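Peer 1: Return atomic coordinates for the entry below.
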Amino acid sequence: MNNLAKCILIIIAVMLQACLTSSPIYHPPGKTGLSGADSAASPQALYDSAVYHVRLKQYEPAERLYTKLVTDYKKTHEAEKSAYMLGYLYTCSDNPRMNYAKAGEMFESFLKNYPKSRYVSDSRSWITVIHKLKKFQSEQAVCDSLRSENLRLSEEVRSLKQVLEELQKINKK
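Peer 2: Now for the predicted structure:
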């Protein structure tokens, strides 16, 4: 593993640790009666339920609840935390819908909608990590392409050496 890859992995590990320790506080869900009647629940109950789903690695219901909070309760603190968490959900490696591009969009949207939030710094950090990861991935693709081209050229050189040896044998006769 090259130094750039090691640096990127270290940055991601540090960011994950920082975000986990400063992400919105977990409150276990109370008896909210959220059996499909989400619209009757309070923003805090919806948020608690979403966090509970994240803890259980049930990302789709969590995403639906966070989206509902951002859409239906825009001016609440729970909507602010939910907007941040929507970006975070797309960075979870065990989320089948993990998508760094989508996470970046969510964090950008968060910054636009909540410029004075306590999660602004975390969102900016995530955006920086995502940009560095994209850059690393594109550099890795270039390296892979160059490696492939190098192998092809090595084979061609080997083949040309064989032809040259054959020609030298013929020339000696």
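Peer 1: State the distance spanning the first to the last residue of stretch 51-60.
Peer 2: Between the opening and closing residues of stretch 51-60 there is a gap of 12 Å (CA to CA, to the nearest Å).
Peer 1: and that stretch, which residues are buried?
Peer 2: Under the neighbour-count criterion of 16 or more other CB atoms under 10 Å, stretch 51-60 has 51-54, 59 buried. Heads up, the C-betas are built off the backbone N, CA and C, glycines and all.
Peer 1: Going by distance to Gln162, which of these wins?
Peer 2: Looking at the buried residues of stretch 51-60 and their distance to Gln162, the nearest is Tyr59, at 55.9 Å (CB to CB).
Peer 1: ok, that closest one - contacts?
Peer 2: The contact partners of Tyr59, by CB atoms under 8 Å, 6 or more residues apart in numbering, come to 53, 89, 92, 95-97.
Peer 1: out of those residues, which is most surrounded?
Peer 2: Compared across those, Leu89 has the highest neighbour count, 23 neighbours, by other CB atoms under 10 Å.
Peer 1: so how far is Phe110 from it?
Peer 2: As judged by CB to CB, to the nearest Å, Leu89 and Phe110 stand 12 Å apart.
Peer 1: Make sure Ser123 is actually in contact with Asn113.
Peer 2: No. Counting by CB atoms under 8 Å, Ser123 does not reach Asn113; the two are 10.6 Å apart.
Peer 1: Which one's more surrounded, those two?
Peer 2: Applying other CB under 10 Å to Ser123 and Asn113 shows that Ser123 carries more neighbours, namely 24 against 13.
Peer 1: quick check, nearest of the contacts of Tyr59 to Arg64?
Peer 2: Nearest to Arg64, judged by CB to CB, of those is His53 at 8.9 Å.
Peer 1: what number of residues lie near the nearest residue to the closest one once chain neighbours are set aside?
Peer 2: If you skip the residues right next to it in sequence, His53 has Ala62 as its closest partner in space, 3.8 Å away by CB to CB, 6 or more residues apart in numbering. The criterion is other CB under 10 Å. On that basis, Ala62 has 24 neighbouring residues.
Peer 1: Can you work out which other helices and strands pack against the longest helix belonging to the chain?
Peer 2: With secondary structure taken from DSSP state H, the chain has its longest helix at helix 120-172. The elements that helix 120-172 packs onto, with contact taken as 3 or more CB pairs under 8 Å, 6 or more residues apart in numbering; DSSP states H and E, are helix 3-22, helix 77-89, helix 100-113.
Peer 1: The second one relative to helix 100-113, how many degrees between them?
Peer 2: Meaning helix 77-89. Between the axis of helix 77-89 and that of helix 100-113 there is an angle of 150 degrees, by axes from the mean of the first three to the mean of the last three CA atoms, to 10 degrees.
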